[in-house]
Every structure is written in C-alpha cells, then in structure tokens.
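Sequence and predicted model, in that order:
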Amino acid sequence: MEPSFNKFESTETILAVLGALVAKLINLKKASEIMGLEPDLLLKRLELMGIQGSYLKEIALQRP
C-alpha cells in the first residue's frame with residue numbers, strides 16, 4: 001500500500017515537511033523518511049505539486 005498525500009490526518013505532517021524541505025531545514029532523504037516514500041517518488045510528487053525539486057536531488061546526492 002502506497003502512502004498518500006490525501007489522508008486528512010496527515011495534513012499537518014505533510015505541510016510541516018514541505019515547509020521544512022523548501023526552507024532547506026531538512027534534506028530530501030529526511031523528508032522521504034518522514035513521509036514514508038522513496039526519494040524519487042517524493043520528488044515526482046513535489047514536481048506535480050509545482051514545487052521545483054531539482055536542487056533537492058542535488059543536495060541529497062551530495063550528502064552521505
């Protein structure tokens with residue numbers, strides 16, 4: 001079963017993670033862990049939402 005952005009009870013978590021990610025407080029790997037998604041899938045979903053994530057992938061690849 002794939003986690004979804006549509007679950008009402010997780011709206012706060014989603015918004016907090018997206019805010020922290022865009023503000024560069026957390027990296028793509030950490031955001032993926034919190035959301036329960038693979039980094040590539042999270043990146044695709046962010047792009048579908050209009051959040052440019054190319055810099056996120058570059059940062060994630062640079063960090064161990």
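Okay, I see it.

Looking at the protein, which helix is longest?
Longest helix in the chain by number of residues (criterion: DSSP state H): helix 11-22.

Which is the succeeding secondary structure element to it?
helix 28-35 (DSSP states H and E).

Give the buried residues for that next one.
Neighbour counts over helix 28-35 (16 or more other CB atoms under 10 Å) mark 28, 29, 30, 31, 32, 34, 35 as buried. (C-beta placed from N, C-alpha, C; glycine too.)

That helix - contacts with which helices or strands?
Packing partners of helix 28-35 (3 or more CB pairs under 8 Å, 6 or more residues apart in numbering; DSSP states H and E): helix 11-22, helix 39-48, helix 54-62.

returning to that earlier point: pLDDT on the longest helix of the chain, on average?
Across helix 11-22, pLDDT averages out at 88.

low pLDDT regions in this structure?
1-9, 53-64 (pLDDT under 70).

50 instead?
1, 64 (pLDDT under 50).

wait, doesn't residue 17 sit right on residue 36?
No - checked against CB atoms under 8 Å, the pair residue 17 and residue 36 is beyond contact range at 10.6 Å.

Between these two, point out the one with more neighbours.
When residue 17 is set against residue 36 and neighbours are counted by other CB atoms under 10 Å, the residue ahead is residue 17, at 20 against 12.

would TSV of the buried residues of helix 28-35 with distance to residue 12 be doable?
As requested, the buried residues of helix 28-35 are arranged in TSV below (distance: CB to CB, whole Å):
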residue	distance to residue 12
28	20
29	21
30	17
31	15
32	18
34	12
35	13
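
out of those, who's nearest residue 47?
Using CB to CB, residue 28 is the member of the buried residues of helix 28-35 that sits closest to residue 47, with 12.1 Å.
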